[in-house]
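*Asks:* following is a predicted model, sequence given first.
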Amino acid sequence: MLSERFLCFCLSILRHALDKIAEIKSLLEERRIAAKMAGVYSDSDPPRKTMRRGVLMTLLQQSAMTLPLPPPLCGATPASSDYVAKQGDKVAARVKAVDGDEQWILAEVVSYNHSTNKYEVDDIDEEGKEIIPLPQWKANPETDPEALFSKDQLVLALYPQTTCFYRALIHTPPHRPQDDYSVLFEDTSYADGYSPPLNVAQRYVVACKENKKK
């Protein structure tokens, strides 16, 4: 049986191929329009016949339906409910702080006990703390805008130069796949309760879950 990670890898290759096909189609369309404006058509690229609007709308709808959905753990797309993090996966793990409250830290999965449904992660003595798998794929804002957190959305983000996740608001989502999020961390030392914008990589921004007091 194929592993979920291998399936995600296959989906990534498929998406890349579809992006290339779309790019080629776009280039061909630009060439056709340029030829039309110049009043010249080659034998290999004749002018298109007029298409009825109803047929065109149907084709456009069918084309939209063929676009694959972003795979699990792509950007803001969460893992499935039955997802099990693998050994070595980076996760956000809920731990108890010195003051008794709980916080989220960057950790690595050591093992998973299927009988108890509990994880063991590095640097944590206790077993069974809740984890959030980190994204394994970057979301492309042009093709997968729904796989990005929105402006003003509450998230957990890794504070720069630390291994701790804190609550933050999305200030600016990425505009390109390689871009970071710009986030506003909750900080009571500022008048409005939030820090100035800070950049955090897509991999270290996850859906917010409330901390619990024990």
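*Replies:* Good, I have the coordinates.

*Asks:* below-threshold pLDDT in this protein: ranges please.
*Replies:* Within the chain, the segments meeting pLDDT under 70 span 1-12, 14-16, 18-20, 22-23, 25-53, 56, 59-60, 62-68, 123-129, 210-214.

*Asks:* my guess is residue 157 meets residue 171, correct?
*Replies:* No - if you go by Cβ atoms under 8 Å, residue 157 and residue 171 don't touch, sitting 10.5 Å apart. All C-beta atoms are positioned from the backbone trio N, CA, C, and that covers glycine.

*Asks:* just want to know which of these two has more residues nearby.
*Replies:* Remark: of residue 157 and residue 171, residue 157 carries more neighbours, 27 against 18, as counted by other Cβ atoms under 10 Å.

*Asks:* measure that one to residue 180 for me?
*Replies:* Going from residue 157 to residue 180 by Cβ to Cβ, to the nearest Å gives 10 Å.

*Asks:* partner strands of the longest strand seen in the chain, parallel or antiparallel?
*Replies:* When the chain is parsed with DSSP state E, its longest strand is strand 102-113. Sheet partners assigned to strand 102-113 using DSSP bridges are listed as strand 90-96 (antiparallel), strand 118-121 (antiparallel), strand 164-172 (antiparallel).

*Asks:* got the buried residues for the shortest one?
*Replies:* What that stands for is strand 118-121. Judged by neighbour count (16 or more other Cβ atoms under 10 Å), strand 118-121 contains these buried residues: 119, 120, 121.

*Asks:* after that strand, next one along is what?
*Replies:* On the C-terminal side of strand 118-121, the nearest following helix or strand under DSSP states H and E is strand 131-133.

*Asks:* what's in contact with that next one?
*Replies:* 73, 79, 83, 85, 89, 91-94, 104, 107, 109, 119, 121, 156, 206-207, 209 (Cβ atoms under 8 Å, 6 or more residues apart in numbering).

*Asks:* could you pick out the buried ones from the residues you listed?
*Replies:* The neighbour-count test (16+ other Cβ under 10 Å) marks 73, 79, 85, 89, 91-94, 104, 107, 109, 119, 121, 156, 206 as buried among those.

*Asks:* and of those residues, the nearest to residue 55?
*Replies:* residue 73 (38.8 Å; Cβ to Cβ).
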